[in-house]
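Chemist: I'll drop the sequence and a predicted model, then ask my questions.
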Amino acid sequence: EAGVTQSPTHLIKTRGQQATLRCSPISGHTSVYWYQQALGLGLQFLLWYDEGEERNRGNFPPRFSGRQFPNYSSELNVNALELEDSALYLCASSPRSDTQYFGPGTRLTVL
Amino acid sequence: AQSVTQLDSQVPVFEEAPVELRCNYSSSVSVYLFWYVQYPNQGLQLLLKYLSGSTLVKGINGFEAEFNKSQTSFHLRKPSVHISDTAEYFCAVSEGPASYGKLTFGQGTILTVHP
């Protein structure tokens, strides 16, 4: 069974640009979660999508947004990039709200 | 609100020695508990989980953990470590549906296994 996949693996942007990160969940999973792992800040919950709807978001500004498509894949968009947005962004999926399975992450570097 | 404390930021150990990584949590409701491992430049891999039932949980790669409700702990153990166990380990807690999808993680413990 294929795991959670994320693309791209690495993304380099400059301040003020927009970044789009993509995630494909495990087949049969309807929930997708996004987390940010920044140096010194640990793993922080960003967003939860289920059945195409945003169900919860963490303590992040509105320039962090996303969506979930009918096939349950998801996009995370980060607008007006700032240097401190540099981090590993992890996507996870679950069949419902208990065990989350993580992908390999996208490393975003903002210059 | 839920929170997780991993009591050791770094644990050095020699190969074939036993290891315990400590995790304490706080929550006002019943919880689900997880341990994940992260190898360098990779995502998180689920080691084991406690949702309900037996308080001793066995996971992959010879790891196990014991849920102790009275001490609000979920310590991870392995009787004999290998060099390949060198990684960062994260304890996480969820309050089930009350978490609204959010896993709360500890700050991580870097396990370094020396030959």
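Modeler: Yes, it's here.

Chemist: Pull up the residues of chain A that are close to chain B.
Modeler: For chain A, the contact set with chain B under C-beta under 8 Å from any C-beta of the partner chain comprises A:4, A:6, A:31, A:33, A:35, A:42-43, A:45, A:48, A:50, A:55-56, A:58, A:90, A:92, A:97-105, A:107. All C-beta spots, glycine's among them, are computed from the backbone N, C-alpha and C.

Chemist: and residue 74, what are its bridge partners?
Modeler: In the absence of a named chain, this looks at chain A. Judged by DSSP bridges, the bridge partners of A:S74 are A:C23, A:Q68.

Chemist: Please refer instead to chain B.
Modeler: Beta bridges link B:F74 to B:F67 when assigned by DSSP bridges.

Chemist: related to what we said a few turns ago, of the residues of chain A next to chain B, which count as buried by neighbour count?
Modeler: By neighbour count, with 16 or more other C-beta atoms under 10 Å in any protein chain shown, the residues of chain A next to chain B hold A:4, A:6, A:31, A:33, A:35, A:42-43, A:45, A:48, A:50, A:55-56, A:58, A:90, A:92, A:97, A:99-105, A:107 as buried.

Chemist: among those residues, which are in helices?
Modeler: Among these, no member falls in helices (DSSP state H).

Chemist: Just the ones in strands from those residues, please.
Modeler: Taking DSSP state E as the definition of strands, these contribute A:6, A:31, A:33, A:35, A:42-43, A:45, A:48, A:50, A:55-56, A:90, A:92, A:101-102, A:107.

Chemist: so where's chain B shaky on pLDDT?
Modeler: Counting by pLDDT under 70, the ranges of chain B that qualify are B:98.

Chemist: Up against chain A, what does it have?
Modeler: Where chain B comes near chain A, counting by C-beta under 8 Å from any C-beta, the residues are B:32, B:34, B:36, B:41-46, B:49, B:51, B:90, B:92, B:94, B:96-97, B:99-108.

Chemist: Give me the buried entries from these.
Modeler: Buried residues within the residues of chain B next to chain A, counting neighbours by 16+ other C-beta under 10 Å: B:32, B:34, B:36, B:43-46, B:49, B:90, B:92, B:94, B:99, B:101-106, B:108.

Chemist: Residue in chain B with the shortest distance to chain A?
Modeler: Relative to chain A, the nearest point of chain B is B:G101 (3.1 Å; C-beta to the nearest C-beta).

Chemist: Residue of chain A closest to chain B, please.
Modeler: For chain A, C-beta to the nearest C-beta, closest residue to chain B: A:W48, 3.1 Å.
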